[in-house]
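Enquirer: here is a sequence together with a model predicted from it:
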Amino acid sequence: MRDEGMTNGVGIQASVAEAPDIRSERITLYRLLATLLREPPSHELLEYLCGLEDQAGGAGELGRVLQLLGLAARSSSVAQLDDEFHELFIGLGRGELVPYGSWYLTGYLMEQPLGRLRNDLAALGFSRTDDTHEPEDHVAALLEVMSLLADGQEGMGVQARFFNAHLAGWLSRFFDDLEQARTAVFYRAVARLGALFSRSEEQLLGD
């Protein structure tokens, strides 16, 4: 994305400046969700996720959701997750879910929300790489942008404007749909984490 590529119970109430631990947590969760929704988990990522079952205890609702994700990872193989990912998001023609902002906001792909997003990304200094094939409003791309904004110097105001303009209207619905998807098994746990985190971000960054 910027320079690198799009060129591809959390209860957070404090500002990033006041709570650097929360800033780090937000960046990590944005990156993790972006990675899981961009492509099927690798063997290395699956091993990392398996460790969450033992490491995430005692952290409230977020800890419980991460433990469930770790348990789901331990019950999965790379091959199984590759099949599940393709059934959910790719399919023959299309997957069970359509993970694009324009689709959720208008019912169509490549609509006006994508044009507005491209303008805002350009203003922020983001551009597509030549090997990026997905439109910029893919959920993984947007989560990656948020991780970069949270990790940068733009401040909470810029994060809030981007989130409210391009994610707040549909991200929670996407994760709710993912949790209810017929073919979701491992990704049901991903959906629970995403739903919890997205609603926390709505409270933190909402108008």
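Expert: Thanks, I have it. The shown structure was predicted, so the numbers you read here are calculated from the model rather than taken from an experiment. Residues are numbered from 1 along each chain as shown.
Enquirer: roughly how far apart are residue 152 and residue 32?
Expert: 18 Å (C-beta to C-beta, to the nearest Å). All C-beta spots, glycine's among them, are computed from the backbone N, C-alpha and C.
Enquirer: in terms of neighbours, single out the busier of those two.
Expert: residue 32 (22 against 14; other C-beta atoms under 10 Å).
Enquirer: secondary structure element for residue 93?
Expert: Using DSSP states H and E, residue 93 falls within no helix or strand.
Enquirer: wait, residue 201 sits on residue 162?
Expert: No - in this structure, residue 201 is not within contact of residue 162 by C-beta atoms under 8 Å, at 11.1 Å.
Enquirer: so for these two, which residue has more residues nearby?
Expert: More neighbours surround residue 201 than the other of residue 201 and residue 162, with 25 against 21 (other C-beta under 10 Å).
Enquirer: any idea which element that one lies in?
Expert: Per DSSP H and E: helix 186-205 holds residue 201.
Enquirer: how about that helix: buried residues?
Expert: 186-202, 204-205 (16 or more other C-beta atoms under 10 Å).
Enquirer: now stretch 127-137
Expert: For stretch 127-137, by 16+ other C-beta under 10 Å, it's 127-128, 132, 135-137.
Enquirer: thinking again about what came up before, what's the helix holding residue 201 packed up against?
Expert: helix 20-38, helix 60-74, helix 78-89, helix 156-166, helix 171-180 (3 or more C-beta pairs under 8 Å, 6 or more residues apart in numbering; DSSP states H and E).
Enquirer: of all the ones you listed, which lies closest to residue 49?
Expert: With C-beta to C-beta as the criterion, residue 49 lies closest to helix 60-74 of those, at 3.6 Å.
Enquirer: now the least confident helix or strand in the chain by mean pLDDT and helix 186-205, what's the angle there?
Expert: Across the helices and strands of the chain, mean pLDDT, DSSP states H and E gives its lowest value to helix 43-55, namely a mean of 89. Angle of helix 43-55 versus helix 186-205, following axes from the mean of the first three to the mean of the last three C-alpha atoms, to 10 degrees, is 70 degrees.
Enquirer: what does helix 43-55 contact?
Expert: 35-36, 41, 66-67, 69-74, 76-78, 81 (C-beta atoms under 8 Å, 6 or more residues apart in numbering).
Enquirer: switch to 10 Å and redo it
Expert: With C-beta atoms under 10 Å, 6 or more residues apart in numbering as the contact definition, helix 43-55 has outside contacts at 32, 35-36, 39-42, 63, 65-78, 80-81, 186, 189-190, 193.
Enquirer: now those: which count as buried?
Expert: Buried, going by 16+ other C-beta under 10 Å: 32, 35-36, 40-41, 63, 65-70, 72-73, 76, 81, 186, 189-190, 193, out of the contacts of helix 43-55.
Enquirer: coming back round to it: who touches both of residue 201 and residue 162?
Expert: 146, 168.
Enquirer: how far away is the closest residue to residue 135 other than its chain neighbours from residue 103?
Expert: In space, and not counting its chain neighbours, residue 135 is closest to residue 114: 5.9 Å by C-beta to C-beta, 6 or more residues apart in numbering. The spacing between residue 114 and residue 103, counted by C-beta to C-beta, is 10 Å.
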